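> pasting the structure only:
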């Protein structure tokens, strides 16, 4: 205590701990999902590692001492199965999740077919609704407080040229996070999102096979580098832990500063 401040000082390292938390990482098999699984497990969480690919789910579960689960979370029946089997495997109610799933289809706005639009909303928004509805209901019914963390995108905050359906879905996700944060706060459930910029995931590395393409991408950011999957996992860990205990309904931008740049300087 000081002469002007008698408030207690918490153990900040302890606030990062996730001991006794049963958590789900959706899209755990590679990239941001794999790093997030490690981050949560290292801080004490018991983790269900979800991936649509059985091999990836098993491999990451083995890495972090978690439980593998394979299924298609764009289907309501599969999400219901995840809740039932995940809570049974961990021996108690689920205390939240980190949702990594998302993919962009590159096509101009006027050339976007209905099938593409629907598929983009399934993979980027509808599955998030299903996860939050089913796991959220499970948490409310069991009286389990916890967190939901979604991976949005900077393209939900800016124009999304040549992948407009993706951007529209991610913008919808950011709005959904605000609504969930408001509605679920009284149940002790916090809901937040992360909006990544250019992150060198295995998928993006495959797209940027030419080193010069990665360098061009890095020059766009004020920090003059691309992000790495652990940067997103770090934000997910923060939002899952008690370090962010007074945050809900928010979207944290992790993009190296790209979205803060003055657009007129490029003219």
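Noted; the coordinates are in hand. The structure presented is a predicted model; accordingly, all values stated were derived computationally and were not measured.
> hang on, residue 214 in a helix?
Yes: under DSSP: H, G, I helix; E, B strand; the rest coil, residue 214 falls within a helix.
> residue 49 looks like it's in a helix, true?
No: counting by three-state DSSP, one finds residue 49 to be strand, located in no helix.
> so where do the strands sit in this structure?
Applying DSSP state E to the chain gives strands spanning 22-26, 46-51, 67-70, 96-99, 146-151, 189-196, 251-254.
> how far is the first one from where the chain is centred?
Averaged C-alpha coordinates place strand 22-26 at 11 Å from its chain's average position (CA atoms, centre = their mean, to the nearest Å).
> for the second one, same thing?
Distance of strand 46-51 from the chain centroid (CA atoms, centre = their mean) equals 13 Å.
> list the helices and strands that strand packs on?
strand 22-26, helix 31-42, helix 54-64, strand 67-70, helix 76-90 (3 or more CB pairs under 8 Å, 6 or more residues apart in numbering; DSSP states H and E). Where C-beta positions appear, they are placed from N, C-alpha and C, glycine not excepted.
> quick one: work out the angle between the second one and helix 54-64.
It stands for helix 31-42. Calculated by axes from the mean of the first three to the mean of the last three CA atoms, to 10 degrees, helix 31-42 forms an angle of 30 degrees with helix 54-64.
> same deal with the last one?
Relative orientation of helix 76-90 versus helix 54-64 (the same axes, to 10 degrees): 30 degrees.
> hmm, who's touching helix 76-90?
Applying CB atoms under 8 Å, 6 or more residues apart in numbering, the contact partners of helix 76-90 are 22, 24, 46, 48, 50, 67, 69, 71-73, 93-94, 127, 130-131, 133-135, 138.
> list the buried ones in it?
78, 79, 80, 82, 83, 86, 87, 90 (16 or more other CB atoms under 10 Å).
> and the gap between the last one and residue 47?
I take that to be residue 90. Residue 90 sits 9 Å away from residue 47, going by CB to CB, to the nearest Å.
> and for these two, which residues touch both?
residue 67.
> could the strands of the chain be laid out in a markdown table, adding distance to residue 181?
Below are these laid out as a markdown table (distance: least, CB to CB, whole Å):
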| stretch | distance to residue 181 |
| --- | --- |
| strand 22-26 | 18 |
| strand 46-51 | 23 |
| strand 67-70 | 26 |
| strand 96-99 | 13 |
| strand 146-151 | 9 |
| strand 189-196 | 4 |
| strand 251-254 | 10 |
